[in-house]
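**Q** What would the 3D arrangement of this be:
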Amino acid sequence: MTLADPVLKALDSQADACALLGSAFSARVLRLAAARADAGGALARLLDPWREADLRRIMEDVMPLRLLGGLHYLTLAGQAPGLEAFYPPKGEAGDDGALADALAAAAEARFETLATFMASAPQTNEVRRSLCLLGGFLTVAAETGLPLRCLEIGASGGLNLNWDRYRYALGEHGAWGDAGSPVRLDAAWSGGSPPLDAPVRVDSRAGCDLRPIDLASPEAALRLQAYVWPDQPDRLARLRSAIDVARRHPPPVERADAGAWAADHVRPRAGRAVVLFHSVVWQYLPGETQARVADAVAAAGAEARSDSPFAWLRMEPDPDDPTGPMQVRLTLWPGGEARILASVHPHGAMVHWR
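**A** The predicted model follows:
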C-alpha cells in the first residue's frame, strides 16, 4: 500500500517542525515511520483514519503528533522494550534500518493500544510557557495593585494556572517566585525586565478545557508526558515536577467549551484584577468559539473600572508572521490599549521582553 500524498506531506512537515524546534530524534522517527508505513503493515493501518483526508484536515487533527505521542507512550509505559532500546534517554538511536524495524514491530505488537491512543487529539501542557506569561501577570499586578483572579481557557491539566508556585530565572535581571519550588523555569532572556518587584497575590484561579486532564490519574499523567519529545529530557523533567505541584495544589479545570465558559466566567470583580489568559490555544479554536470568547472579553472590558479591572493576556502566534516567534500580548481595561510585551519561543526557550 502506498500512503496518500497528503499523509506523507503532513508527516514530512511535522518532521521539519520537530527538527526546527530542537528534536532531531522526533524528526527521524517520523521520517522512518513514514517510509516504513508507505510499504504497508501496522504503521500504515494506524494512518487509515486519514487515508482520504486532505492536508488541512490532517494538520488540524495533528495526526503526526498523535503518532509520535503514541510511540513514546509505549516506551514510557514499558510496553515496547524493543523500541525502548532505541529511545532516549535510556536507549541508543542505532542505525536507521534497526530503528525502523523497531517502530514497525512495536506498531504490530501494540496496534490496538496505539490506535486507541491516536483516536484522541493530543493534549499538551507546556509548563515553560508560564515563563512567557509571567511578565504579563506582573504587569497587571503592578499597574492595578490588586489581587489577581486568573482564568485560563484551553488549560489542559491546569499546570500554568499554578504559575505563581514556580521559580523563574530571568537572566541578568534576576529571579522571581518560590525559591523552594521544584519547578525551575529559565530561558534565553533578552531585552528589559518586567516589574519583578510588583506585589503579587493570586486570589483565585480556574480554567476550562474540552478534555481536561486528571493529573491524579497515573495513566492520564503518562499520556501527557508522552507528548514531550523524548530527546528533550529537560522538558520532561519540568513537566513531571509541575505534575507533582499540581497534585499538592490541584488547579480547578472544568470540562467546557471555551466560548461558553468565557461567557459564564469572564466578568470584572470589585477589588480584584481579573485576568483571562491562554497560550497556543487560539489557533485551535473554531471560529464560533473564538467569536464567543471575543464577545465575553469585549463585554468584560466595557464593564471594567479602576477598582475592578480586566486583563486579556495571551501567548499566541504573531498574526503577521505565523511561522516566526510567538507574541505575548496584553490588553488591560479600563483603557483597553493592546500591547505587545514580548516575543517568545513556542516552548518558552527564548523570551525577548519589549
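
**Q** Got the domain ranges for this structure?
**A** Using automatic domain parsing, the domain ranges for the chain come out as 5-118, 129-353.

**Q** In TSV: the ones you listed, plus mean neighbour count and mean pLDDT.
**A** C-beta coordinates here come from the backbone N, C-alpha and C atoms, glycine included. Formatted as TSV, the domains of the chain follow (neighbours: other C-beta atoms under 10 Å; pLDDT from 0 to 100):
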stretch	mean neighbour count	mean pLDDT
domain 5-118	18	93
domain 129-353	18	95
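
**Q** For residue 216, list the residues it contacts.
**A** Neighbouring residues of residue 216 by C-beta atoms under 8 Å, 6 or more residues apart in numbering: 247, 250.

**Q** From residue 246, how far out is it?
**A** 9 Å (C-beta to C-beta, to the nearest Å).

**Q** so residue 75 sits right up against residue 87, yeah?
**A** Yes. Using C-beta atoms under 8 Å, residue 75 is in contact with residue 87, at 4.6 Å.

**Q** For the stretch 1-150 of the chain, which segments are assigned as strands?
**A** 148-153 (DSSP state E, counting those that start in this stretch).

**Q** mind listing the helices for it?
**A** 5-20, 24-37, 42-46, 55-60, 63-76, 81-84, 96-109, 111-118, 129-144 (DSSP state H, counting those that start in this stretch).

**Q** Tell me what angle the last one forms with strand 148-153.
**A** Put simply, helix 129-144 runs at 140 degrees to strand 148-153, going by axes from the mean of the first three to the mean of the last three C-alpha atoms, to 10 degrees.

**Q** So which residues make contact with helix 129-144?
**A** 148, 150, 159-160, 163-164, 166, 168, 176, 185-187, 194-196, 198-201, 273, 275, 277, 279-280, 309, 311, 313, 315, 326, 328, 330, 332, 341-342, 344, 347-348, 351, 353.

**Q** Grab the longest strand from the chain for me.
**A** strand 321-333 (DSSP state E).

**Q** So which other helices or strands are in contact with that strand?
**A** In terms of contacts (3 or more C-beta pairs under 8 Å, 6 or more residues apart in numbering; DSSP states H and E), strand 321-333 is packed against helix 129-144, helix 287-303, strand 310-318, strand 337-344.

**Q** No further queries at this time; thank you.
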